[in-house]
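[1] got a predicted model here, sequence first, then my questions.
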Amino acid sequence: MLYNFLVHLINPLLNLINGCTRVYNRGNLPDGNYIIVAPHRTWMDPVLIALVVWPKKFSFMAKKELFANPVAGWFLKKLNAFPVDRKHPGPSAVKKPVTILRKTDLSTIIFPSGSRYSAKLKGGAIVIAKLANVPLVPAVYQGPLKFGQLFTRKHRHIAFGKPIYIDRKQRLTDENQAKIEQEMQTAFDKLDKQINPDFHYVMPPKPADDDF
């Protein structure tokens, strides 16, 4: 209920202060559950992506530190978020999203780099997609990166690529995983160029207290 309430509250508010999101290739979103994979460019992008895909609902991975505050933890859980230890993920980092994807109507959003301060793709999303038997859907966000920038009226853009299906019979060797990661990166680059051929993302400096 909180998820639904916030969608109907936040979406009109964002449209009022920043205009409607410009969405590209919505038809690439498949039926059923899937995993949206995207470069992590702002703390807002999971929310912004989930809003444009509504009424489809999502679960979210979130770093465990965000759940340290009881109020914040309660709020995040009500939004279908679950904690992940980024430095020591353990089996639950895979088991939890696989269970959600297989046993609920919730899709999920995963940022393969794991951080806004890294461009290196990691393989967790691929493993989860294979075990849950769902496709990966590449997506990119371009637009304001901080909340205050929303008031500049710089438009929000979100583009979706064609689904990437993982053969359940295929062994995820290092070579096969590297091929899928390259397919994702190629899709990200293509979507960025579709939105803006001159786009270049400038990665922010990594905070001193972020040792991930």
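    Perfect, I can see it now. Predicted, not measured: the structure shown is a model, and the values here were computed from it.
[2] so where's the chain uncertain?
    Low-confidence segments of the chain (pLDDT under 70): 86, 88-90, 114-123, 206-212.
[3] residue closest to the middle of it?
    With distances taken as Cα atoms, centre = their mean, the chain has I109 as the residue nearest its mean C-alpha position (3.5 Å).
[4] tell me the secondary structure at that one.
    State at I109, reduced to three classes by DSSP: H, G, I helix; E, B strand; the rest coil: strand.
[5] can you name the residues bridging to it?
    Beta bridges link I109 to I36, F60, judged by DSSP bridges.
[6] need the residues that contact stretch 83-101.
    Applying Cβ atoms under 8 Å, 6 or more residues apart in numbering, the contact partners of stretch 83-101 are 33, 35, 59, 61-64, 66-67, 73, 80, 82, 106-108, 110, 114-115, 124, 127-128, 131-132, 134, 211-212. (Each C-beta comes from the backbone N, C-alpha and C, glycine too.)
[7] filter the residues you listed down to the buried ones.
    33, 35, 59, 61-63, 67, 73, 80, 82, 106-108, 110, 114-115, 124, 127-128, 131-132, 134 (16 or more other Cβ atoms under 10 Å).
[8] for this protein, longest helix please?
    Across the chain, the longest stretch assigned as helix under DSSP state H is helix 174-195.
[9] now do that one: distance to the chain's middle.
    Centroid separation between helix 174-195 and its chain, computed with Cα atoms, centre = their mean, to the nearest Å, is 15 Å.
[10] if we can go back for a sec, how near is the residue nearest to the centre of the chain to N18?
    Distance of I109 to N18, given as Cβ to Cβ, to the nearest Å: 20 Å.
[11] still on that earlier bit, looking at the buried ones among the contacts of stretch 83-101, which are in helices?
    73, 124, 127-128, 131-132.
[12] the residue lying farthest from the centre of the chain and N33: what is the separation?
    Taking Cα atoms, centre = their mean as the measure, the residue most remote from the mean C-alpha position of the chain is K169, 25.8 Å away. Distance, K169 to N33, by Cβ to Cβ: 20 Å.
[13] just the strands in this protein please.
    Under the criterion DSSP state E, the chain contains strands at 22-24, 35-37, 58-63, 81-84, 107-110, 136-142, 157-160.
[14] distance to L101 added to the ones you listed, as JSON lines?
    Listed next are those as JSON lines, based on distance: least, Cβ to Cβ, whole Å:
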{"stretch": "strand 22-24", "distance to L101": "23"}
{"stretch": "strand 35-37", "distance to L101": "7"}
{"stretch": "strand 58-63", "distance to L101": "8"}
{"stretch": "strand 81-84", "distance to L101": "12"}
{"stretch": "strand 107-110", "distance to L101": "6"}
{"stretch": "strand 136-142", "distance to L101": "12"}
{"stretch": "strand 157-160", "distance to L101": "18"}
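[15] for Q177, find the nearest of the ones you listed.
    Proximity to Q177 (Cβ to Cβ) singles out strand 136-142 among these, at 12.2 Å.
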